[in-house]
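> Fold the stuff below for me.
(3 chains)
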Amino acid sequence: MKKELPMVLATIAALSVLLSQYFFAINQLGWLDSLDKVYNMMAALAIGLGLVNLTVVHSGYIRRKREHWWASVVLLVCLWGYTVLSLVLGNDHAFVDWFYQHLIVPADSTLYGMVSFFITVAAYRVFRVRTLEATILLASAVFVLLGTAPIGDVIVPGWSTARQWILDVPNTGGMRGIIIGTYLGAWATALRVMLGLERAHLGGAG
Amino acid sequence: MQALLKIDTRLIYLLTFVVVAVAVLATLGLPVRVTPPTKALYDFVEKLPAGTLVWVGMDYGPGSKSELDPQVVAFFHHVFKKDLKVVIHSMWTMGGKIGQELVEPIAAQYGKEYGRDWVNLGYKPGNETNLRLCTSSIKECAANVDHLGSSLDHLPLMQQARALDKNTFGLAITFNTGTPGIREYLAIVQAEKQLALADGTLQMSVPEDIPFFQSGQLVGMFPGVRGAAEYEVLVGVKGAAVKAADGQSLAALYVAILVILGNIGYLTARRAATAQ
Amino acid sequence: MDGGTLTAALVTLALWTYLYKDNPIFRLAEHLFVAFSTAWWVGELYRNYVKPVVLEDILQQGRWGMVLALLLGVILYARFVPAISWLARYPMSWMLGYGAGYVLAFQVKPLVGQITGSFLKFGSINSVLLWICIVSALVYFFFTISRENVAVSSVATFGKWVILVALGAAFGNTVLFRYTLLMGRVEFMLRDVLKVAQ
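Just a heads-up that it's a prediction; the model follows:
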């Protein structure tokens, strides 16, 4: 029963959304609003799982004296210290906000921006005219790259118009194929969850 | 020539820094031609009558600020110039705060008052379930508080903005970086509520999102920071995007040259190998 | 230079050191980022959602159904207590099932929009070309159809080329996006820290 009941629960949850969406009479009962609110609350509380998980994982690193274990000590002290400050003072308190402005924002932006270095090296090393397929990929990438930046029109007037055509016709054609595939894939996975065929989330514990 | 195949990775990194630094220091001022998705969005906003409510989803984090902030700024200049009213919502934890910091100075510039002309609901958990709840009742989905935790009951605009639907709002736009983002809005806001939807997206996501503009599911788009530069031109505001577009020009040229050099090296090596 | 700008500059430089190689300074900055951003999220959710729901919905309006939501949310944490970790499956399954229901109920119309959108303005050369591209790309994805038939294999090959053009376009745009982000950081270092740019 420790696995069967959760499976039934998942089916009931999925059906409750489906029935409410497709049956007018059920829709009028307005139960989806209440269930949404319950889900939102659960999602809000689930964020704390990250907090606990980080604590568990990094406590393990410290106990086992893994490489860079001292960084885990710093992480735990800052994690819990800042959580308490954030909960007690609120995120708009000047002291709490200082860390947001001068640590979180620059670190997040820097990490995202660093990919440009790796992507440049990847373009230089991987884009080769080895086969017809590789050449198509390369040509499309370089054409769109230069056509998107204003320099394209300076090199050849009308380049951005041609780039827009690539986006509107072959790109839309290819992407639409991929989009249709992803929607069908999402449905298939959702259907498996509803029918109790997807059980990965039940494994591990207990 | 085969040496072109062996440019050191760290030299490429260093050159990348130099190119970006030059892009920051120099001003090319290259003209930006307006593309159809941006023009369509601009024209749609132009036609909205004064006082119309616009829903803005701030669905990104600090990592994408350089790309999406210029879009938000250009859009809000237009919106406040047109005397439209705005409700901001975020499915990303830091999106509400980013929105507040960007919109406050623009609102002050146009004499717009918080609570009367615009409201920031801040971050609300639940992704598409929260968005759907907003289509029934904004008060419920927002737990009746704005981004600072103040009650919505004291904000006059919220008497008018009761639910996210086409009877209440004239346009919804999401400035987004991925999931949750445009797919949730397409399903809940556009498909279910038939509310006009626009997309402020990353340059990276333009090829993925443009089919939704082509199919008419989006009324317009900000195609990356270039879209923001185009919007700045249309609105007549000098912002950060035109400068960023200049930077893109140098970056594009640099990467294209590297790819060409790499291929010259590759073809030379292949020819040499065939000759042997 | 104030302490805030100096801290932001040090964090930026510390993360950039990874470009040389992995090192303790990078690790420190990375761990600080994870710690502070996770803690910030928790504070934001408490103030912006959990607290108002508890204070207004439950205590003031007496919507006791929300207590069940609270309880289910708390049970999620049972996964960290080995003896009762199985309890966490109940709220987890509910959330997963609910999400699946949302996909099945709400992700149909956007797909229909994509399909019907393919026939908009049908008649122009571009729309015919677009339609050919879409059908070819879809044929490429149908792996269950035998490729021995020349017609099918030709269409599928063309479909592969179309997909490659789309992926190339995506790569070109991704390069520009990443450079814009890097420009933001370099601009901060040159303008706010070194004060050599305007």
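
> how long is stretch B:212-230 end to end?
End-to-end distance for stretch B:212-230, by Cα to Cα, to the nearest Å: 20 Å.

> Say whether chain A is contacted by that stretch.
Yes - against chain A, stretch B:212-230 shows contacts by Cβ under 8 Å from any Cβ of the partner chain at B:214, B:224, B:226, B:229. Every C-beta, even on glycine, is put in place using the N, C-alpha and C of the backbone.

> Secondary structure element for the residue of the stretch 1-150 of chain B found nearest chain C, which one?
Nearest residue of the stretch 1-150 of chain B to chain C: residue B:66, at 3.1 Å (Cβ to the nearest Cβ). Using DSSP states H and E, residue B:66 sits within helix B:65-81.

> Mind listing what's buried along the helix or strand just after that helix?
Downstream of helix B:65-81, the next assigned helix or strand under DSSP H and E is strand B:85-90. Within strand B:85-90, the residues scored as buried using 16 or more other Cβ atoms under 10 Å in any protein chain shown are B:85, B:86, B:87, B:88, B:89, B:90.

> Can you list the strands that strand B:85-90 pairs with?
When pairs are called by DSSP bridges, strand B:85-90 turns out to pair with strand B:53-59 (parallel), strand B:118-123 (parallel).

> Give the rounded mean pLDDT of the helix or strand that it is followed by.
Downstream of strand B:85-90, the first helix or strand assigned by DSSP H and E is helix B:95-109. Averaging pLDDT along helix B:95-109 yields 97.

> Can I get helix B:95-109 in CSV? Just the C-alpha atoms.
Once non-C-alpha atoms are left out, helix B:95-109 reads as follows in CSV (Å, rounded to 0.1, in the frame of the first residue of the first chain):
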residue,chain,number,x,y,z
GLY,B,95,11.6,38.6,-11.0
GLY,B,96,9.3,40.7,-8.8
LYS,B,97,12.3,42.5,-7.2
ILE,B,98,13.9,43.1,-10.6
GLY,B,99,10.7,44.5,-11.9
GLN,B,100,10.3,46.9,-9.0
GLU,B,101,13.8,48.2,-9.4
LEU,B,102,13.4,48.8,-13.2
VAL,B,103,9.9,50.2,-13.2
GLU,B,104,10.1,52.6,-10.2
PRO,B,105,12.3,55.2,-11.8
ILE,B,106,10.4,55.1,-15.1
ALA,B,107,7.1,55.5,-13.3
ALA,B,108,8.5,58.5,-11.4
GLN,B,109,9.7,60.0,-14.7
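
> any idea how far residue C:182 is from the residue of chain A found nearest chain C?
The nearest approach of chain A to chain C comes at residue A:173, 2.3 Å away (Cβ to the nearest Cβ). Here residue A:173 is placed at a distance of 32 Å from residue C:182 (Cβ to Cβ, to the nearest Å).

> same thing with residue A:37?
Distance of residue A:37 to residue C:182, computed by Cβ to Cβ: 41 Å.

> Which one's more surrounded, the two?
The neighbour comparison of residue A:37 against residue C:182 (other Cβ atoms under 10 Å in any protein chain shown) goes to residue C:182, with 28 against 25.

> nearest residue to that one other than its sequence neighbours?
Distances taken as Cβ to Cβ, 6 or more residues apart in numbering or on different chains place residue A:113 nearest to residue C:182, at 3.8 Å, with adjacent residues excluded.

> what helix or strand is that neighbour on?
helix A:105-126.

> Summarise which helices and strands that helix is packed against.
Counting contacts by 3 or more Cβ pairs under 8 Å, 6 or more residues apart in numbering or on different chains; DSSP states H and E, helix A:105-126 packs against helix B:9-25, helix B:65-81, helix B:240-275, helix C:3-16, helix C:24-45, helix C:150-188.

> Perfect, I'm done here.
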